[in-house]
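Chemist: Test case, fold it:
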Amino acid sequence: MSFRLNEYGQPIGEPVPGWSPRPLPAAVTLTGGRCRLEPLDADRHAAELHAAYVSGSDQRDWTYMFTGPFASPEDYRRYAEAAAASADPRHYAVIDLATGTATGSLSLMRQDPDHGVVEIGNVMFSPVMKRRPVSTEAQFLAMRYVFEDLGYRRYEWKCDSLNAPSRTTAERLGFTFEGIFRQAIVYKGRNRDTAWYSVTDSEWPAVRQGFEAWLAPGNFDDRAVQRRSLAELRTAAAPARP
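Modeler: Numbers count the residues shown, from 1 in each chain. You can find the predicted model right below:
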């Protein structure tokens, strides 16, 4: 951690010249090569999302979510209506450009524009999105929006410390593990120790280059199998340490 000394010999943080509060996440549309993020709208998205969510063999994907599973399309629509009306969390549907349908959703939440901090949360990608480049691109579009369009300094990922797939995904996407907040939350009648991860603005250039290199068509063979991993490409983009 970088610091300097004040006139009393006390260590203090480095200055942040010209800092001012950042804009709040807005109801914007973010388009990539494989997917589009657009403001969640129950009329447009609820039926497609529910159909995508129930396409799996069971309901395990809801275990670590605060909401769900939803017993019927009507139950999910009621949730989607409330989520769409919320500004924090700000919810976005993920539209697969190959099919034109909504196949997942995510949100930007715990918004702190004064300090330039926001969390990616409520990430619910359906079985048809998982382990496909579209899911990685959806994460990239949200992260790029926060750092480049809004000018935030810190992008957070939090999850149940027992949620191994979420923790693996955070690390794959370039987040740095920061620790466990014990007994942080009670949800669905049980305790949650929360694992914290983050990406900072100083890390973003290498993270972005890794995403762009991984998502490039040339990184996939004719069976759509990656040639180089996201972690490998991000490491190659990171500046050499002195």
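Chemist: contacting residues around the residue positioned nearest the centre of the chain?
Modeler: Nearest to the mean C-alpha position of the chain, by Cα atoms, centre = their mean, lies residue 120 at 4.1 Å. Shown in contact with residue 120 (Cβ atoms under 8 Å, 6 or more residues apart in numbering): 106, 107, 108, 109, 139, 142, 143, 155, 156, 157. Backbone N, C-alpha and C define where each C-beta goes, glycine included.
Chemist: with these in mind, which one is nearest to residue 205?
Modeler: residue 143 (12.0 Å; Cβ to Cβ).
Chemist: Quick check: the closest one touching residue 199?
Modeler: Yes - with contacts counted by Cβ atoms under 8 Å, residue 143 reaches residue 199, the gap being 6.9 Å.
Chemist: tell me which of the contacts of residue 120 is nearest to residue 33?
Modeler: For these, the nearest to residue 33 is residue 139 (14.0 Å; Cβ to Cβ).
Chemist: Would you tell me what the next helix or strand after the helix or strand the closest one falls within is?
Modeler: Using DSSP states H and E, residue 139 maps to helix 133-144. Counting by DSSP H and E, the element after helix 133-144 in chain order, helix or strand, is strand 154-160.
Chemist: Run the angle between that following strand and helix 133-144 for me.
Modeler: Between strand 154-160 and helix 133-144, the angle formed by their directions is 130 degrees, by axes from the mean of the first three to the mean of the last three Cα atoms, to 10 degrees.
Chemist: Run me through the strand neighbours of strand 154-160, direction for each.
Modeler: strand 117-125 (parallel), strand 190-200 (antiparallel) (DSSP bridges).
Chemist: CA atoms of it as CSV?
Modeler: Below are the C-alpha coordinates for strand 154-160, written out as CSV (Å, rounded to 0.1, in the frame of the first residue of the first chain):
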residue,chain,number,x,y,z
ARG,A,154,-13.4,0.5,-7.1
TYR,A,155,-15.6,-2.3,-8.4
GLU,A,156,-16.7,-5.0,-5.8
TRP,A,157,-17.8,-8.6,-5.9
LYS,A,158,-19.3,-10.2,-2.8
CYS,A,159,-20.6,-13.7,-2.3
ASP,A,160,-21.3,-16.4,0.3
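Chemist: Could you tell me how far residue 90 is located from residue 218?
Modeler: 34 Å (Cβ to Cβ, to the nearest Å).
Chemist: who's more crowded, the two?
Modeler: residue 90 (22 against 8; other Cβ atoms under 10 Å).
Chemist: and residue 218, what is it in contact with?
Modeler: Counting by Cβ under 8 Å, 6+ apart, residue 218 has contacts residue 227.
Chemist: where along this protein do the helices fall?
Modeler: Using DSSP state H, the helices found in the chain span residues 42-53, 73-84, 133-144, 164-173, 204-215, 230-237.
Chemist: want to throw these into a markdown table with mean pLDDT?
Modeler: Output for the helices of the chain, formatted as a markdown table (pLDDT from 0 to 100):
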| stretch | mean pLDDT |
| --- | --- |
| helix 42-53 | 97 |
| helix 73-84 | 98 |
| helix 133-144 | 97 |
| helix 164-173 | 97 |
| helix 204-215 | 97 |
| helix 230-237 | 92 |
